[in-house]
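J.: I would like the atomic coordinates for the input below:
(chains A, B, C and D)
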Number of protein chains: 2
Amino acid sequence: MRHVAALAGVGIKTVSRVINDEPNVSDATIARVMDAAQRLNYQPNLHAGNLRRTDKKTRTLGLLVGSVANPFAGALHRAVEDAARERGTAVFASSLDDDPLRERGMVEAFLRRRVDGLILTTVTKSQGYLIPEQERGTPLVFVDRQPVGIEGDVVVSDNAEGAATATRHLLEYGHRRIAYLGDRHDIHTAVERKRGFLEQMASAGIATGGIPIIEDLHDEQSARLALLSLFAAENPPTAIFSSQNLVTIGAIRGLRELGRQHTTALVGFDDFVLADMLDPAITVVAQNPARIGALAAERVFARLDGDQAPDQTYIVPTQLIVRGSGEIRPRD
Amino acid sequence: MRHVAALAGVGIKTVSRVINDEPNVSDATIARVMDAAQRLNYQPNLHAGNLRRTDKKTRTLGLLVGSVANPFAGALHRAVEDAARERGTAVFASSLDDDPLRERGMVEAFLRRRVDGLILTTVTKSQGYLIPEQERGTPLVFVDRQPVGIEGDVVVSDNAEGAATATRHLLEYGHRRIAYLGDRHDIHTAVERKRGFLEQMASAGIATGGIPIIEDLHDEQSARLALLSLFAAENPPTAIFSSQNLVTIGAIRGLRELGRQHTTALVGFDDFVLADMLDPAITVVAQNPARIGALAAERVFARLDGDQAPDQTYIVPTQLIVRGSGEIRPRD
DNA sequence: GTGAAAGCGCTAACAT
DNA sequence: ATGTTAGCGCTTTCAC
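T.: The predicted structure follows:
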C-alpha cells in the first residue's frame, strides 16, 4: 500500500480510502490510485486491516462436519458457502471423522485464524470448552447434533418425527414385526431416530421388548451382516427400518443375497443418489441438508448482525419419499 | 498477549516464546505463562503474527472446485484437507459452478486472505490473470483442467487413455456402432475424452464421420433426451460411451424407458455410488479424485518447501471396472 | 479532499 | 533465560 501511495503520489490514507470505497476522494485521485494499484499488482492484505479495524471481522467462517467427502456434508457445505458468499465471507471446512481430538484441534486452528463464527457438527462428549469463545462474542451454531454443556443455536433434522413417519408407513402396510438397524447408539441423531421408531411401535401396541434391534452399525459391511443375522434367527422380520444411509445400503445388499428384496419391506432414513433406480426402488425419509446449511448460516449472520434473541433450536422437516421398497406387504 | 504477560509477570516476548514453543524458557516460566494464558482464555492471533513473521506463511490453502456438493470434488477436497492438516494448514473451499466471474472473485478473496497456495479447477477462458501472483511466489496447482495462458503444475485424470480403454472394451465385445454422449465440448476433460474415443474408433478402422456424437449434455435430463433421440433415428447404436457421471445416469434412464438396458452396451466415464447395484450393473472407467487431491496438495507443499523443479503435468490413471453393462454383445 | 501520527497483536533483532 | 524496541500493513483519529 505504501508503494501504491508513492507511485500515485498520494498519502497512504488516500489509497486506503480508494481500496475501501470510502467517500471524500476526488475522481481524478481515485483513477490515479487504481492505476497505480493495477501496475503494482497490489492486493490488499485483509489481515493487516483487521488488526486495526474496529469491527474485527475477518469475513471468514469455520465449518466442521463428519467428512467433506460425504454427500450430506457436501450439500450442507454448499448451502453455507452460498450464504457466505453473499456476505463476502470465505468458508474454512474441516472433516472430523468422529474424532474428538480433531474437533478440538480444528476449532483451535480456526479460532487462531479469527473466524467470525463457527458452524459445527460436534463429536466431542461436551462442548463446554467453547464457552469462553462464545462469551467473547463468536456465534456458534450446532448442526445435526444437540450440544452438551453449552447453549447455542441448533439446527437439526426432525429425526424422531421422520423415524416415526417411516415406522407408521410400515405399520400401515400391515407390518407388525419390524426390525431396527441403527448406527452408533451414542450420537444424537441415532438416539432420536430410535426413539421415534420405538414410540411409534409402542403406539401401535407392539411390545417393544420383542423388537429386533441391532445398533452400532458403522458401515455397509456391518449392516449387511446384521441383516443376515436377522434372517438367520427365529421369527425374522417382515420389514426393516434402517436409520442411516450406509446402513440402508448394507441392508439392501443383505436382502439381495437372501433373495428377499422383493418380499421384505424396507424404509431408510436419509435419501441417497439412485435410490429410485434400484429394484425395488427404495422408500426413504429424506433429510434436507441444504436447508440445514442455509438456516445455520442465516443464524450465524443474524448473530453477527447483532441479533440478541434467545438461543433457539430449528427443526428441519424430513420427507417420506415413496418408491416401492416400503410398500411391500407382509406375506400372510 | 500483553495481558498474559502482565498476569504471568513476564515480558511479552517470553509469552511469544512459550506460545511458539521456542527454546530458552525455564520450565517454571513456561508453567506460569501457560497458566496465565489458560485463565485469560488467550487465543493467539495467527494473522497478527504473520504480519511480522519472516516466512509470511498463513498456513492456509485455497481450493476451487465445480461444487463442493459433488462427489468428485468432495473426495478431492478431503484428500487435500488430509494433507493440509498434517502441515497445520487450514483449507478454504469454494464452488465455482462454471462461472468465470466467481473464479475471479474467489481467487481475489483468497489472495486478500493471503493463502499460501491455490489448488484450482479453472473455469475461466484464460488464467493469465494469475501470473502476477505466481511471480510473487504463490504456488498454483491446476487440477482436472489444463491451464491456459499460464504455466504451473497440473494434475489430471488420464482422460484420453481412459476413454480409449472404454472404447476398446466395447469394440472387443463386438460393437462397431458406438455412440458418444458428451458434456460441454469446451472443457478440457471432455475434449480429451472425446479424443480418446475417436482415436480408438479410428484405430479400429471405423469411419469417424458416421459415428453418432451428441455433446453439450449438462444434466441427466438432456442426456436422457439425447439417448432417446439416438434410438429414434435410423441405424441406432449397439453401444454407448457416456463421458461423464450425470450423462451416464441420464443415458441409463433413457435406456430403461426404451426397455433396452439389457440389450445395449454402456460404459460410463467416472464411477458413481451404487453403480454396482443397478440392473445391469454399470461398467465404468473410474477416476481417482482422492489421488488427484493428494498429488495436488503434495505439489503445493513441495513448492512451499522450495522445490524449484520445472512445472509438471501429473496424469492419474483411470481404471476400467467391469460390472455388466459394458459386456453386453450386439444382437446379431 | 487529503495526510500525518498512533497503534492493532504480534515477531525479529537485538540487548541484557 | 528474559526483556526492549522497532515495525509488519493496515485503519483510526484528528489535523489541515
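J.: excluding residues flanking it in the chain, which one is nearest A:Asn41?
T.: Spatially, and ignoring its direct neighbours in sequence, A:Asn41 is nearest to B:Pro132 (3.8 Å; Cβ to Cβ, 6 or more residues apart in numbering or on different chains). Every residue, glycine included, has its C-beta placed from N, CA and C.
J.: looks to me like the one you found is in a helix.
T.: Yes: per DSSP: H, G, I helix; E, B strand; the rest coil, B:Pro132 lies within a helix segment.
J.: what's the local residue count around it?
T.: Close neighbours of B:Pro132, defined as other Cβ atoms under 10 Å in any protein chain shown, add up to 15.
J.: give me the pLDDT value at it.
T.: What the model reports as pLDDT for B:Pro132 is 96.
J.: give me the distance between it and A:Gln38.
T.: 10 Å (Cβ to Cβ, to the nearest Å).
J.: surely the residue nearest to A:Asn41 meets A:Arg39?
T.: No: counting by Cβ atoms under 8 Å, B:Pro132 sits too far from A:Arg39 to count as a contact (10.3 Å).
J.: quick check: closest non-adjacent residue to the residue in the stretch 201-332 of chain A that chain B sits nearest to.
T.: Per Cβ to the nearest Cβ, the residue of the stretch 201-332 of chain A with the smallest distance to chain B is A:Leu274, at 4.6 Å. Counting by Cβ to Cβ, 6+ apart, A:Leu274 lies nearest to B:Leu274, which is 4.6 Å off, once chain neighbours are set aside.
J.: what does the regular element (helix or strand) spanning A:Leu111 contact?
T.: Following DSSP states H and E, the helix or strand that holds A:Leu111 is helix A:100-112. Helix A:100-112 has contacts (Cβ atoms under 8 Å, 6 or more residues apart in numbering or on different chains) with A:62, A:64, A:92, A:94-96, A:118, A:120, A:122-125, A:129-130, A:133, A:138, B:43-46, B:88, B:90.
J.: with DNA strand D as the reference, measure out to the residue in the stretch 151-300 of chain A that DNA strand C sits nearest to.
T.: Per Cβ to the nearest atom of the strand, A:Val300 is where the stretch 151-300 of chain A lies closest to DNA strand C, at 22.5 Å. Relative to DNA strand D, A:Val300 is positioned 22 Å away (Cβ to the nearest atom of the strand, to the nearest Å).
J.: which pLDDT does the model give that residue?
T.: A:Val300 is given a pLDDT of 98.
J.: was I right about it contacting A:Leu63?
T.: No: shown here, A:Val300 and A:Leu63 do not form a contact pair, counting by Cβ under 8 Å, at 9.9 Å.
J.: the more surrounded of these two?
T.: A:Leu63 (31 against 28).
J.: which residue is the nearest non-sequential neighbour of A:Asp271?
T.: Sequence neighbours aside, A:Ala286 is the residue nearest to A:Asp271 in space, at 3.8 Å (criterion: Cβ to Cβ, 6+ apart).
J.: next one: the one you found, what pLDDT does it get?
T.: On the pLDDT scale, A:Ala286 is placed at 98.
J.: where does the residue of the stretch 151-300 of chain A closest to DNA strand C land in three-state SS?
T.: Under three-state DSSP, the three-state class of A:Val300 is helix.
J.: setting the sequence-adjacent residues aside, check what's closest to A:Glu161.
T.: Leaving aside its chain neighbours, A:Glu161 sits nearest to A:Gly196 (6.2 Å; criterion: Cβ to Cβ, 6+ apart).
J.: what about the one you found, how many neighbours?
T.: A:Gly196 has 26 neighbouring residues, counting by other Cβ under 10 Å.
J.: for it, what are its contacts?
T.: Neighbouring residues of A:Gly196 by Cβ under 8 Å, 6+ apart: A:159-164, A:167.
J.: contact partners for the nearest residue to A:Asn235 once chain neighbours are set aside?
T.: Spatial nearest neighbour of A:Asn235, chain neighbours left out: A:Arg177 (7.0 Å); criterion: Cβ to Cβ, 6+ apart. When contacts are counted by Cβ under 8 Å, 6+ apart, A:Arg177 is found next to A:212, A:235-239, A:330.
J.: can you rerun that using 10 Å?
T.: Counting by Cβ atoms under 10 Å, 6 or more residues apart in numbering or on different chains, A:Arg177 touches A:170, A:206, A:210-212, A:235-239, A:330.
J.: thinking again about what came up before, list buried residues within the contacts of helix A:100-112.
T.: Neighbour-count burial (16 or more other Cβ atoms under 10 Å in any protein chain shown) applied to the contacts of helix A:100-112 gives A:62, A:64, A:92, A:94-96, A:118, A:120, A:122-124, A:130, A:133, A:138, B:43-46, B:90.
J.: picking that back up, narrow the contacts of A:Arg177 to those in helices?
T.: Counting by DSSP state H, the contacts of A:Arg177 place A:Leu170 in helices.
J.: need the residues of chain A near DNA strand D, please.
T.: Residues of chain A lying close to DNA strand D by Cβ under 7 Å from any atom of the strand are A:1-2, A:12-13, A:16, A:19-20, A:44-45, A:48-49, A:51-55.
J.: how does it look with 6 Å?
T.: A:1, A:12-13, A:16, A:19-20, A:44-45, A:48-49, A:51-54 (Cβ under 6 Å from any atom of the strand).
J.: which of the residues you listed are buried?
T.: Using 16+ other Cβ under 10 Å as the burial test, those include A:1, A:16, A:19, A:44-45, A:49 as buried.
J.: quick one on the thing from earlier: let's see if you can find the most crowded of the contacts of A:Arg177.
T.: Neighbour max across these (other Cβ under 10 Å) = A:Leu170, 30 neighbours.
J.: quick one: it and A:Ile206 touch, right?
T.: No: using Cβ atoms under 10 Å, A:Leu170 is not in contact with A:Ile206, being 11.2 Å away.
J.: tell me, what's touching those two both at once?
T.: A:176-178, A:200.
J.: wasn't A:Gly326 part of a helix?
T.: Yes: assigned with three-state DSSP, A:Gly326 falls within a helix.
J.: nearest residue to it in space, please, no chain neighbours.
T.: Distance criterion Cβ to Cβ, 6+ apart; nearest residue to A:Gly326, sequence neighbours excluded, is A:Thr283 at 2.9 Å.
J.: and whatever residue of chain A ends up closest to DNA strand C, how many neighbours?
T.: Nearest residue of chain A to DNA strand C (Cβ to the nearest atom of the strand) works out as A:Gly11 at 2.9 Å. Other residues lying near A:Gly11 total 11 when counted by other Cβ under 10 Å.
J.: any common contacting residues for A:Val300 and A:Leu63?
T.: Common neighbours of A:Val300 and A:Leu63 (Cβ under 10 Å, 6+ apart) are A:80, A:84, A:115, A:117-119, A:141.
J.: surely A:Pro310 forms part of a helix?
T.: No: counting by three-state DSSP, A:Pro310 is not part of a helix but coil.
J.: where does pLDDT dip in chain A?
T.: Along chain A, the model assigns pLDDT under 70 to no residue.
J.: 90 instead?
T.: Applying pLDDT under 90 to chain A flags the ranges A:1-2, A:23-24, A:186, A:218, A:331-332.
J.: how about the residues of it by DNA strand C?
T.: Contact residues, chain A versus DNA strand C (Cβ under 6 Å from any atom of the strand): A:10-11, A:13-14, A:24-26, A:29, A:51-52.
J.: export those to a markdown table and tack on secondary structure?
T.: Converted to a markdown table, the residues of chain A next to DNA strand C look like this (three-state DSSP):
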| residue | secondary structure |
| --- | --- |
| A:Val10 | coil |
| A:Gly11 | coil |
| A:Lys13 | helix |
| A:Thr14 | helix |
| A:Asn24 | coil |
| A:Val25 | coil |
| A:Ser26 | coil |
| A:Thr29 | helix |
| A:Leu51 | helix |
| A:Arg52 | helix |
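J.: all strands for the stretch 1-150 of chain A, in order.
T.: Remark: strands assigned in the stretch 1-150 of chain A by DSSP state E, counting those that start in this stretch are A:60-65, A:90-95, A:117-120, A:140-143.
J.: let's have the ones you listed in a markdown table, adding distance to A:Ala75.
T.: Output for the strands of the stretch 1-150 of chain A, formatted as a markdown table (distance: least, Cβ to Cβ, whole Å):
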| stretch | distance to A:Ala75 |
| --- | --- |
| strand A:60-65 | 10 |
| strand A:90-95 | 13 |
| strand A:117-120 | 14 |
| strand A:140-143 | 12 |
